[in-house]
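Colleague: A predicted structure for the sequence below; I have some questions about it.
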Amino acid sequence: MLFLSIVSFLAMASFVVVLSTHAADDLAATAVAANGHTSWVRITVDSQNDVGQYLSLAAQYGSDVPYIAYYDATAGDLKLAQRTAGNCGPNQTWSCVVLDGNSSTDVGQYVSLAFNGSDYGVVYYDAFFGVNRYTNPASGIWGETVEFVAGFEVGQVNDLVYDDGVPHVAYYRDVPNGRFGYARRVGSGGNCAAWQCTVIAPVGGSFAIDAALYSGLGIAYSSTASGLGYAVPVNGGGNCGDGQWACTTINANALPTATSLQMAHCGLLGCSSPAQIAYYDYLQGILMYAVRVENGQGNCPGNANWTCSLIEFLSTPLNPVAPGLSLLVVNDQPVIIYQDLDDQTNSILKAAWPEADGNCGPHQDWRCVVVDSGARVGGFVDVGQALDAKVINGRIHIAYDDADNGDLLLAYEPAAVPPPPTPSPAPTPDPTATYYLFLPSVMR
């Protein structure tokens, strides 16, 4: 029976209510918890126009410079912010520029930013022409169409990743029929001109693409037919994507409307970071986490090779189509950044990770903390409807929006400050010792 196993699980689990208090409106917002990711610095990156409804955060490998691609709703432009001296951010320590304001009258929604070595690419939606576009400044590519389908809108939601230097995109291809597609750039000769495009499977909620360090691509997706699904490319004989992909069900009883995927980004030796997915189950109003396990030891409804865990009841987000959600792996530990409604008052930004003595999850084995309560002078604002998080230079960075004020915000963990050196104690004179005063010979 549909939803039976998840309902049975919820019936056996204790209902956990996570209480939080609103922090003061200052630049340093600290969430209270036992340990872990609890200290955050918050800044406003761009407050000109109505910005940040759609955004994507990235940084080149080994760099401590965050880049944010985002939508300027007032101007209808795609913009890019990076932390370098310029025209925005605190004391103009950021540079905010228009990345595409020419392709049409309205570009930049559903944006995804990714790095290929030291160069970046962006895929985004062109609302006027109903297509998704690709821009890669290092290659001189500006506003290139990924796919055009006559009569349909293509590119409402995009997710970009590079694998072996090649851009790969998962995206809504056929909005009225709820299908999602996949495309890789071939340069020429593709069935979408510069791209090779494929319809993967019916979709009812969301999807996310990632690339493992050695084992290639994976796509987590929501299907109206099979719940939370997972697709990987195969060399023929697959059951989806024109036989070039293998699709499996992970949680048959879920309908994710937000999905974030992390594949193994570590080396072959000592790698303990399997594929894992954070997702918001719209049917149950809960934040969930799934991780791949071996030998059928999992508990996910529909797939014993995955373990599914309930993190927190979130109710219905303000944006049920794509509520803010981002999964990270920090020192082999999952950290989920997500939007919560805060008991229907306003949307807030939170973080969760496994912790034996936690405060959320059916067994209190996750720690859930508030990153930004939305508390501002005069009241509360909605934050986190759009968000993206990355580990940059060893610290979590979160780009997100202030929906009420139309601002682009960034929260990040401050750099660790080494403790001051312990001063050497002054020597204590020995009261039993005999001291002699030696005078220069000229004074004798």
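Modeller: Arrived safely. Residues are numbered from 1 along each chain as shown.
Colleague: going forward, measure contacts and count neighbours with C-alpha atoms only.
Modeller: OK.
Colleague: residue ranges of the helices in this structure, please?
Modeller: For the chain, helices defined by DSSP state H occupy the ranges 4-12.
Colleague: Could you state which residue of it sits nearest its centroid?
Modeller: Centre of the chain computed as the mean C-alpha position; nearest residue by C-alpha atoms, centre = their mean is Ser326, 2.9 Å away.
Colleague: Next, work out how far apart that one and Ile398 are.
Modeller: From Ser326 across to Ile398, the span is 9 Å (C-alpha to C-alpha, to the nearest Å).
Colleague: Overlap in contacts, those two.
Modeller: Common contacts of Ser326 and Ile398 (C-alpha atoms under 8 Å, 6 or more residues apart in numbering): 387-389.
Colleague: Could you provide the residues you listed in TSV, with additional columns for pLDDT?
Modeller: Formatted as TSV, the shared contacts of Ser326 and Ile398 follow (pLDDT from 0 to 100):
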residue	pLDDT
Leu387	97
Asp388	98
Ala389	98
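Colleague: closest to Gln297 among those?
Modeller: Here the nearest of these to Gln297, counting by C-alpha to C-alpha, is Ala389; it sits at 30.1 Å.
Colleague: sorry, back to before: looking at the shared contacts of Ser326 and Ile398, which are in strands?
Modeller: Under the assignment DSSP state E, these contribute 387-389 to strands.
Colleague: could you redo those as CSV and give each row distance to Tyr71 and neighbour count?
Modeller: Converted to CSV, those look like this (distance: C-alpha to C-alpha, whole Å; neighbours: other C-alpha atoms under 10 Å):
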residue, distance to Tyr71, neighbour count
Leu387, 12, 27
Asp388, 14, 26
Ala389, 17, 24
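Colleague: Identify, from those residues, the entry nearest to Ile209.
Modeller: Asp388 (14.0 Å).
Colleague: surely Val45 meets Trp94?
Modeller: Yes. Contact criterion C-alpha atoms under 8 Å: Val45 and Trp94 qualify, at 7.0 Å.
Colleague: For the stretch 51-200 of the chain, give me the ranges with low pLDDT.
Modeller: Applying pLDDT under 70 to the stretch 51-200 of the chain flags residues 175.
Colleague: how about the strands in it?
Modeller: For the stretch 51-200 of the chain, the strands defined by DSSP state E, counting those that start in this stretch occupy 51-58, 67-72, 77-82, 95-100, 107-116, 119-126, 131-136, 141-147, 158-163, 166-174, 179-190, 193-202.
Colleague: what about the stretch 201-350 of the chain, any weak spots by pLDDT?
Modeller: 215, 265-273, 315-322, 343-344.
Colleague: Gln53: how many residues sit nearby?
Modeller: Other residues lying near Gln53 total 24 when counted by other C-alpha atoms under 10 Å.
Colleague: Do I have it right that it meets Ala403?
Modeller: Yes. Assessed by C-alpha under 8 Å, Gln53 is found in contact with Ala403 at 7.1 Å.
Colleague: who touches both of those two?
Modeller: Gln385.
Colleague: Tabulate the strands of the stretch 51-200 of the chain (JSON lines), appending distance to Gly298.
Modeller: Below are these laid out as JSON lines (distance: least, C-alpha to C-alpha, whole Å):
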{"stretch": "strand 51-58", "distance to Gly298": "32"}
{"stretch": "strand 67-72", "distance to Gly298": "37"}
{"stretch": "strand 77-82", "distance to Gly298": "42"}
{"stretch": "strand 95-100", "distance to Gly298": "45"}
{"stretch": "strand 107-116", "distance to Gly298": "32"}
{"stretch": "strand 119-126", "distance to Gly298": "35"}
{"stretch": "strand 131-136", "distance to Gly298": "37"}
{"stretch": "strand 141-147", "distance to Gly298": "38"}
{"stretch": "strand 158-163", "distance to Gly298": "28"}
{"stretch": "strand 166-174", "distance to Gly298": "27"}
{"stretch": "strand 179-190", "distance to Gly298": "28"}
{"stretch": "strand 193-202", "distance to Gly298": "24"}
